[in-house]
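In: After the sequence you'll find the predicted model.
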Amino acid sequence: MDDKQRCGWAGSNPLMQQYHDTEWGVPERDSRMLWETLMLEGFQAGLSWEIILRKREAFRAAFAGFDPQKVALFNGQDIERLMGDPGIVRARAKIEATIRGAQIYNEMQDRGEDFAAYCWSFTSGTPIEGKVTDAQTALSAILSKDLKARGFKFVGPTIVYAWMQAVGITNDHVPACFRKAQISGQTRP
């Protein structure tokens, strides 16, 4: 057991601490990874993030490594296969939303619109130094509205805010957390 100061949500659970210490809040610039994380946040709705982390590798296997080109081609048989997969969250609406999300992602790419550039355009490409006070922000509401207008599902302001925190669009590590200063001003290539 270490004596590092962490955000309270990481608790004493080794899985959550590992996620907190290595991934959460680090600015993500890879389009595919941003999309994967957004889709997983949608699956998390109504559940704990720990459940999604425990199932993340099964999700990746079930959704072809979250390759949007492949997922966009999933059909009714794939939906039934996924509904029978005990390794993932078996919610038909969330599965269908992920397939549609892949199609939207690909449509954006086909128009020359890079998903990472799109996501980061809401902050001019710079992470926001946040203060965790609410389950959503004005920015998450704006981004949520835009994602919904594009056809994405399970992207309400609260889900979008959790995603923004996870991918480092906002740095919401609490001031006493050892990761706050490490991530401040950091950009991931």
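Out: Received, thanks.
In: So which residues of this protein form helices?
Out: 14-22, 31-44, 49-62, 68-71, 76-83, 92-110, 115-121, 138-150, 157-166, 178-183 (DSSP state H).
In: List the contacts of the spatially most central residue of the chain.
Out: Centroid check for the chain by C-alpha atoms, centre = their mean gives residue 37 as the closest residue, at 2.7 Å. Counting by C-beta atoms under 8 Å, 6 or more residues apart in numbering, residue 37 touches 28, 163, 166, 167. Just so you know, the C-beta spots here come from the backbone N, C-alpha and C atoms, and that holds for glycine as well.
In: what's around residue 10, how many residues?
Out: 20 (other C-beta atoms under 10 Å).
In: Now for the spatially closest residue to it that is not a sequence neighbour: which residues touch it?
Out: Closest residue to residue 10 in three dimensions, ignoring its sequence neighbours and counting by C-beta to C-beta, 6 or more residues apart in numbering: residue 20, at 3.9 Å. Contacts here follow C-beta under 8 Å, 6+ apart; on that basis residue 20 touches 6, 7, 9, 10, 179.
In: which one of those sits closest to residue 159?
Out: For these, the minimum distance to residue 159 (C-beta to C-beta) is 15.9 Å, reached by residue 9.
In: For that closest one, give me the pLDDT.
Out: Per-residue pLDDT puts residue 9 at 93.
In: what are the pairing partners of the lowest-mean-pLDDT helix or strand in the chain, and which direction each?
Out: None of the helices or strands of the chain scores lower by mean pLDDT, DSSP states H and E than strand 128-129, at a mean of 82. Paired neighbours of strand 128-129 in the sheet (DSSP bridges): strand 170-171 (parallel).
In: Quick one: residues in contact with the partner strand.
Out: The contact list for strand 170-171 (C-beta under 8 Å, 6+ apart) reads 25, 123, 127-130, 137, 139, 161, 164, 180, 183-184.
In: Neighbour count and distance to residue 81 added to those residues, as a markdown table?
Out: Converted to a markdown table, the contacts of strand 170-171 look like this (neighbours: other C-beta atoms under 10 Å; distance: C-beta to C-beta, whole Å):
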| residue | neighbour count | distance to residue 81 |
| --- | --- | --- |
| 25 | 26 | 34 |
| 123 | 15 | 38 |
| 127 | 23 | 38 |
| 128 | 16 | 39 |
| 129 | 13 | 43 |
| 130 | 18 | 39 |
| 137 | 20 | 37 |
| 139 | 18 | 37 |
| 161 | 25 | 32 |
| 164 | 27 | 31 |
| 180 | 18 | 42 |
| 183 | 20 | 38 |
| 184 | 12 | 43 |
